[in-house]
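# My questions concern the predicted model and sequence given below.
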Amino acid sequence: MTCIIGLIDNDTIFMGGDRCEASGWCQRTLAYPKVFKLNNEFMLGVSGKARVAGLLMFGFKPPRQKEKQDDHEFISTDFVDAIRKRLKDGGIAEVKDNMEDTNANILIAYKGKLYTMDYRFYVRLIESGYEAIGVSRDCAMGSLYSSAEKDSSKKILLALKASEYFHMGVRGPFDIKSMKFDNNERPKMTRPVKKGK
């Protein structure tokens, strides 16, 4: 279940998420957010098993990036390896079809960039400037693409509300957090261009 959205706006990354926990036809509202900060360096949003968010929110100590290490390399190796160990120690990582499986996807904000980590630890650097994960990803992405709203937090809220309206696996209240970064760290992003008539 879940909808997590990340959006880069100038020198700030915004991230929002819902609080739905669903099992079969049952639905509950979580008492804690699925979007959170770590050491004021990272912002994470977790879609999937609720325990994954708990393990990373409480007691997880991210590694330090090595000098001259590329950001993408750091997230894809040291950072994800630390997440993998934390989840394995917490009894979450399972072996399915001879591969480890976390039953969760994670949206990661670090140094002005957005990354996704899928349930098998594959990391992807996002170049569009925004991304969504969870069961209503497509609905959220469509809302983000077509929204004329200029305020980033309102744009995310609108996408979350659209997801809640159209998908039974998304439910408020919604949490939206932001984190500033050095604009010099931000990569050149390519945003989808709307075609004119």
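Yep, that arrived.
# Could you pull out the helices in this structure for me?
Using DSSP state H, the helices of the chain run over residues 50-57, 71-74, 80-89, 137-146, 152-166.
# Nearest to I8 among those would be which one?
helix 152-166 (8.7 Å; CB to CB). Using the backbone N, CA and C atoms, a C-beta is placed for each residue, glycine as well.
# which residues does the residue nearest the centre of the chain bridge with?
Among the residues of the chain, the one closest to the centroid is L107, at 2.1 Å (CA atoms, centre = their mean). Counting by DSSP bridges, L107 forms beta bridges with G45, T116.
# What I need now is the helices of the chain written out in TSV, including mean pLDDT for each item.
Formatted as TSV, the helices of the chain follow (pLDDT from 0 to 100):
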stretch	mean pLDDT
helix 50-57	89
helix 71-74	96
helix 80-89	91
helix 137-146	95
helix 152-166	95
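# so can I have TSV of those helices showing mean neighbour count and distance to E41?
Output for these, formatted as TSV (neighbours: other CB atoms under 10 Å; distance: least, CB to CB, whole Å):
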stretch	mean neighbour count	distance to E41
helix 50-57	19	14
helix 71-74	16	11
helix 80-89	16	13
helix 137-146	18	25
helix 152-166	20	20
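# how near is the residue nearest to the centre of the chain to G24?
25 Å (CB to CB, to the nearest Å).
# how many neighbours does T77 have?
Residues near T77, counting by other CB atoms under 10 Å, number 15.
# in the chain, which spans are strands?
Counting by DSSP state E, residue ranges of the strands within the chain are 3-9, 12-17, 20-23, 26-29, 35-38, 42-48, 94-96, 99-101, 104-110, 113-117, 123-125, 130-134, 175-180.
# In a markdown table: those, plus mean pLDDT and distance to G54.
Output for those, formatted as a markdown table (pLDDT from 0 to 100; distance: least, CB to CB, whole Å):
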| stretch | mean pLDDT | distance to G54 |
| --- | --- | --- |
| strand 3-9 | 96 | 15 |
| strand 12-17 | 96 | 14 |
| strand 20-23 | 82 | 12 |
| strand 26-29 | 84 | 15 |
| strand 35-38 | 95 | 10 |
| strand 42-48 | 94 | 9 |
| strand 94-96 | 64 | 17 |
| strand 99-101 | 67 | 18 |
| strand 104-110 | 95 | 11 |
| strand 113-117 | 96 | 17 |
| strand 123-125 | 95 | 22 |
| strand 130-134 | 95 | 17 |
| strand 175-180 | 95 | 15 |
